[in-house]
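Visitor: task: produce atomic coordinates for the following.
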Amino acid sequence: MNRVRKIPYRIGKASSVFTRLKKIWKGKHVTIQTKTILYEVFVLSVFQNGAECWTLRRKDENRIFAAEMRWSRKLTGVSRRQRKKNKDIRLDLNQMERHWYERYRDADYNGSGR
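Guide: This next block holds a predicted model:
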C-alpha cells in the first residue's frame, strides 16, 4: 500500500476503534483522564502503527490533525456548533499543542532519525 493511501486507511481503522468505544465516550461516569488514557491506548496505537516510516506532507498533517480534533471533540462532548476553539479542547484534555508525529519529523530534521 502506497503512502497516499496509507494515512486515510489508518485514520479509518482508528475511527472504527473509536466508534466501537462510543458508550465509553458518552458515559458521564467515566472521567476525562480515563477517557484520554483509553483513547491513547486503543485509538492512537491503532492509528500510529507503522507511522515511523511515513513521509508526511502538509496535506497529510492536516488530515491527521482534523481526525485528532474530531476524536478529541467527541471525547469532551463538544460539538462544532458550540464554537469552542481547538486550543481550548486540547487544554481540557491536557494534550500538548505539539502533535505526536512532530517527534518523528524533528528527529529526521536533526539527523537523529533512522
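
Visitor: remind me which residues of this structure are low pLDDT?
Guide: Applying pLDDT under 70 to the chain flags the ranges 1-4, 52, 95-114.

Visitor: what residue is smack in the middle of it?
Guide: Nearest to the mean C-alpha position of the chain, by CA atoms, centre = their mean, lies residue 68 at 3.3 Å.

Visitor: quick check: which element contains that residue?
Guide: Per DSSP states H and E: residue 68 is located in helix 58-76.

Visitor: tell me the buried residues in that helix?
Guide: Residues of helix 58-76 classed as buried by neighbour count (16 or more other CB atoms under 10 Å): 60, 64, 67, 68, 71, 72, 73, 74, 75, 76. Where you see a C-beta, it was placed from the backbone N, CA and C, and this is true even at glycine.

Visitor: how near is the second one to residue 55?
Guide: Going back to what we said before, that points to residue 64. Using CB to CB, to the nearest Å, residue 64 is found at 13 Å from residue 55.

Visitor: all helices of this protein, in order?
Guide: Taking DSSP state H, the helices of the chain run over residues 3-20, 22-26, 32-38, 45-47, 58-76, 86-92, 100-109.

Visitor: and which of the buried residues of helix 58-76 is nearest residue 23?
Guide: residue 74 (12.1 Å; CB to CB).

Visitor: that closest one contacts residue 19, doesn't it?
Guide: No. Using CB atoms under 8 Å, residue 74 is not in contact with residue 19; the gap is 9.5 Å.

Visitor: overlap in contacts, the two.
Guide: By CB atoms under 8 Å, 6 or more residues apart in numbering, residue 74 and residue 19 have no common neighbours.

Visitor: okay, stretch 28-37 in PDB with CA atoms only?
Guide: Extracted C-alpha coordinates of stretch 28-37, given in PDB (Å, rounded to 0.1, in the frame of the first residue of the first chain):
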ATOM      1  CA  LYS A  28     -20.900  10.500  32.300                       C
ATOM      2  CA  HIS A  29     -19.500   8.100  34.900                       C
ATOM      3  CA  VAL A  30     -16.100   8.000  33.200                       C
ATOM      4  CA  THR A  31     -13.600  10.800  33.900                       C
ATOM      5  CA  ILE A  32     -11.800  12.800  31.200                       C
ATOM      6  CA  GLN A  33      -8.500  11.400  32.400                       C
ATOM      7  CA  THR A  34      -9.700   7.800  31.900                       C
ATOM      8  CA  LYS A  35     -11.200   8.600  28.500                       C
ATOM      9  CA  THR A  36      -7.900  10.200  27.500                       C
ATOM     10  CA  ILE A  37      -5.900   7.100  28.600                       C
END
